[in-house]
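What shape does this take:
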Amino acid sequence: MITWIAAMSCVLAVVPCALFLLNLRLYAPLPQPDGSRAGCSVLIPARNEEQNISAAVRSILGSEGADIEVIVLDDGSTDRTAEIVRHISRGDPRVRLEPTRLLPDGWCGKNFACHQLAALAQRPILVFMDADVRVSRPDALARLACFVERSGAALVSGVPRQETHGLMEKLIVPLIHFVLLGFLPLRRMRSRADPRFAAACGQILAVRREAYERAGGHSAVAGRMHDALALARAFRARGFTTDLFDATSTFHCRMYRGAVNVWSGFAKNAQEGLGSPKLIIPSTLLLLGGQVIPICLLAFDSSSFALIGAIAGILPRLIAVVRFRQSLLGALLHPIGIGALLAIQWFAFIRSRRRRPAMWKGRSYAPLHAT
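You can find the predicted model right below:
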């Protein structure tokens with residue numbers, strides 16, 4: 001019986017490991033810019049971001065090779081966010097501060113902020129960037145614009161280099177790359193506009209303005225918490241393609257600060273991702289079966305299945321330590337990180353079934369029917 005379980009868990013570990021290795025070749029950094037000065041509107045929704053907003057905006061202003069404007073929407077901040085941006089805008093006409101309108105019923109705050117920002121933008125490429133993201137190199141936006149043109153995609157996004165400090169950050173945040181590359185066939189994603197293969201990271205996301213408007217923009221995903229994924233699905237539902245790039249060398253970000261924010265941040269999106277009613281059971285079986293059980297079985301099973309499964313489970317994480325500059329400690333504690341991720345998904349799932357709202361940035365969001 002144990003050998004049979006070990007064999008099954010080995011398969012569940014080897015398949016995502018193999019897909020991860022295949023995807024590494026396709027998940028490439030942004031290309032060298034082609035010399036043209038593409039027009040980019042960098043759009044930042046900001047709500048109580050006084051710790052982040054100055055560094056974010058100033059990192060953009062150092063950009064080279066792109067015609068940029070930077071628009072920050074103050075989404076009802078009660079701290080010094082607006083004051084800081086206003087001060088920067090006095091010294092650089094490329095920066096504009098705009099106030100938000102009253103949040104309508106049925107909208108999530110970030111989606112409504114992005115909707116307003118898109119209407120204010122004046123460039124053909126809209127770059128939505130979170131306030132905790134930094135541009136890592138001067139040609140990053142020029143590279144991003146070049147990738148939009150070369151890929152032919154209407155929406156592109158990438159996962160920035162993730163800065164992690166506390167243990168919970170090191171356990172959970174690096175799993176973004178593992179889940180993305182271990183369970184999404186990138187070749188198939190690029191070959192068809194099927195919404196089932198949609199993927200996007202809202203930290204840095206660029207769209208062609210014309211396609212954005214034809215797909216309905218953020219109004220098409222008004223009430224969705226997982227805004228980037230929902231937007232990618234909306235684009236694909238209208239026949240547009242989307243694409244991904246490796247943003248490790250061009251953008252960086254500290255996604256959440258501390259264990260409480262990691263838990264709350266991942267839980268707010270879970271009901272529309274792995275914690276959705278359709279995915280919670282299969283994702284639990286796949287992740288437990290392939291990433292946790294092989295390690296546990298090493299103490300009981302002398303067959304090669306458990307050993308191969310354990311190696312296949314940890315190998316992508318060790319590669320990611322080098323390729324994406326991730327925490328070695330988080331990689332070595334991979335099964336614990338998977339367990340913590342699943343705990344967050346089940347917490348969010350149970351909360352949604354009990355019709356309890358998610359809280360984020362001082363706002364309450366009732367659970368939606370996930371699609």
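
My read is that His218 contacts Cys108, right?
No - using CB atoms under 8 Å as the test, His218 is too far from Cys108 to be in contact (9.1 Å). The C-beta positions use only the backbone N, C-alpha and C, and glycine is treated the same way.

Quick check: neighbours shared by these two?
Asp227 (CB atoms under 8 Å, 6 or more residues apart in numbering).

what distance separates stretch 297-312 from the centre of its chain?
32 Å (CA atoms, centre = their mean, to the nearest Å).

meant to ask about stretch 255-268
With CA atoms, centre = their mean, you get 13 Å for stretch 255-268.

which of the residues in it are buried?
Met255, Tyr256, Val262, Trp263, Ser264, Gly265, Phe266, Ala267, Lys268 (16 or more other CB atoms under 10 Å).

contacting residues around the first one?
It stands for Met255. Applying CB under 8 Å, 6+ apart, the residues near Met255 are Asp132, Gln162, Glu169, Val173, Gln203, Val262, Gly265.

Relative to Gln51, how far out is the nearest residue to the last one once chain neighbours are set aside?
It stands for Gly265. The shortest distance from Gly265 to any non-neighbouring residue, by CB to CB, 6 or more residues apart in numbering, is to Tyr256 (4.7 Å). Separation of Tyr256 from Gln51 (CB to CB, to the nearest Å) stands at 13 Å.

mind checking the SS state of the residue positioned nearest the centre of the chain?
The residue lying closest to the centre of the chain (CA atoms, centre = their mean) is Cys201, at 2.7 Å. Following DSSP: H, G, I helix; E, B strand; the rest coil, Cys201 is assigned to coil.

hang on, it packs against Ala228?
Yes - contact criterion CB under 8 Å: Cys201 and Ala228 qualify, at 5.8 Å.

Residues in contact with both of those two, list them for me.
Ser157.

which SS class is the residue nearest to Gly265?
Classified using three-state DSSP, Tyr256 is coil.

Could you list which residues are in contact with Ala154?
Val207, Arg208, Ala211, Tyr212, Ala215, Phe235, Phe240, Thr241, Thr242.

Tell me how many other residues surround the fifth one.
If I follow you right, that is Ala215. 25 (other CB atoms under 10 Å).
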